[in-house]
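Asks: From the sequence below, what's the structure:
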Amino acid sequence: AHGAGLDLKRVGGHRDIGDGGVLGFARPVRHHSRVVVALGKLDGGEGFGERADLVDLDEDGIGHALVDAPLQDARVGDEQIVADVPVGFFLSGGVDSSVVVASAARAGRPISTFSIGFDSDEVSETPYARAVAEQFATDHHERVLTAASAQDLLPRLKEWFDEPFADESSLPTYLVAKTARENVTVVLTGDGGDEVFGGYLYFHKAPNPKEFHEETVRKLDRLHLFDCLRANKAMAAWGIEARVPFLDVDFLDVAMTLDPALKMPRKAEGRIEKQVLRDAFADILPEEVTKRQKEQFSDGVGYGWID
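Replies: Residues are numbered from 1 along each chain as shown. Coordinates of the predicted model:
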């Protein structure tokens, strides 16, 4: 799916999501048509205009439809962890990777987690990664990326990427892959969460739900050129298979057919980016993770290295 991109305009179908609820949505979803998901009820529309016909879905309902059904029925805790070799989890300390770890931990799986920190406390997320690791009693491993280690890594990255690639987060990804390979050969990551839920800070500037949704689709359609490319090449350098639960087609069937207005950050209401996902896991993740604004993984690379 990564190489060809994802045609999210053609996802669709219906299935039972438990408690007598049926999840339904348009097939195909033409022109980014709006479909609102609720337990046992579906309301579709042809655009993002007047919202009088929207189904009211409170935060608990969103949490059930979005989390309990997709993350369990899509077998994030089962199918994606099935392997004949040891499996681990990348844990940055952000909400996306923390959700993946929490989902697997809820299924009663033993968890090994791997994190990268930076040599600046201002940008390093390792304290938050440790909090999640402690919450779920994972076998936790950490490395720190310094200016000196980055200089050693750059020539190797040039060999492995084999093309110009201007994503500085490839450095910590390469290093955390090396750390993971000492223990496991398959890892689950939080890649895709920002694209699905509009998690980047510039999504605060989205003028309306229609343009918010169109930008998430654009980001997902091009993901194979950026984050997935970076992950694939950095993992391949160490012989690791990376799996991405947020890009699971069953999960996308739900997440990309939610009314985008439910995903939009609303600063005036105290709702930050990916609030719907944060709320769904607020009862099992540390508060400092669910209530903290996004940190860009690449921000720590080079921070304070150049005067």
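Asks: Can you report how many residues lie near residue 161?
Replies: 17 (other C-beta atoms under 10 Å). No exception for glycine: its C-beta is placed from N, CA and C like everyone else's.
Asks: So that it lines up with my notes, have the first residue be 703 from now on.
Replies: Sure thing, new numbering starts at 703, so read that last one as residue 863.
Asks: Spit out the contact partners of it.
Replies: Residue 863 makes contact with 872, 935, according to C-beta atoms under 8 Å, 6 or more residues apart in numbering.
Asks: quick one, phi/psi of it?
Replies: For residue 863, the backbone dihedrals are phi -80, psi -30 (criterion: degrees, to the nearest 10).
Asks: Could you give the secondary structure assignment for residue 845?
Replies: strand (DSSP: H, G, I helix; E, B strand; the rest coil).
Asks: Helix or strand for the residue lying closest to it once chain neighbours are set aside, just tell me which one.
Replies: Using C-beta to C-beta, 6 or more residues apart in numbering and skipping residues adjacent in sequence, the residue nearest residue 845 is residue 881, 4.9 Å away. Assignment of secondary structure by DSSP states H and E places residue 881 within helix 872-883.
Asks: The next helix or strand after that helix pairs with which strands?
Replies: Downstream of helix 872-883, the first helix or strand assigned by DSSP H and E is strand 888-890. The pairing partners recorded for strand 888-890 under DSSP bridges are strand 789-792 (parallel), strand 943-945 (parallel).
Asks: Which is the succeeding secondary structure element to strand 888-890?
Replies: Downstream of strand 888-890, the next assigned helix or strand under DSSP H and E is helix 895-899.
Asks: so how many other residues sit close to residue 816?
Replies: By other C-beta under 10 Å, 29 other residues sit near residue 816.
Asks: how far away is residue 961 from residue 915?
Replies: Distance of residue 961 to residue 915, computed by C-beta to C-beta, to the nearest Å: 9 Å.
Asks: Same question for residue 948.
Replies: 16 Å.
Asks: now the strands paired with strand 888-890 in a markdown table, with mean pLDDT, mean neighbour count and distance to residue 840?
Replies: Compiled in a markdown table, the strands paired with strand 888-890 are given as follows (pLDDT from 0 to 100; neighbours: other C-beta atoms under 10 Å; distance: least, C-beta to C-beta, whole Å):
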| stretch | mean pLDDT | mean neighbour count | distance to residue 840 |
| --- | --- | --- | --- |
| strand 789-792 | 94 | 25 | 8 |
| strand 943-945 | 92 | 18 | 17 |
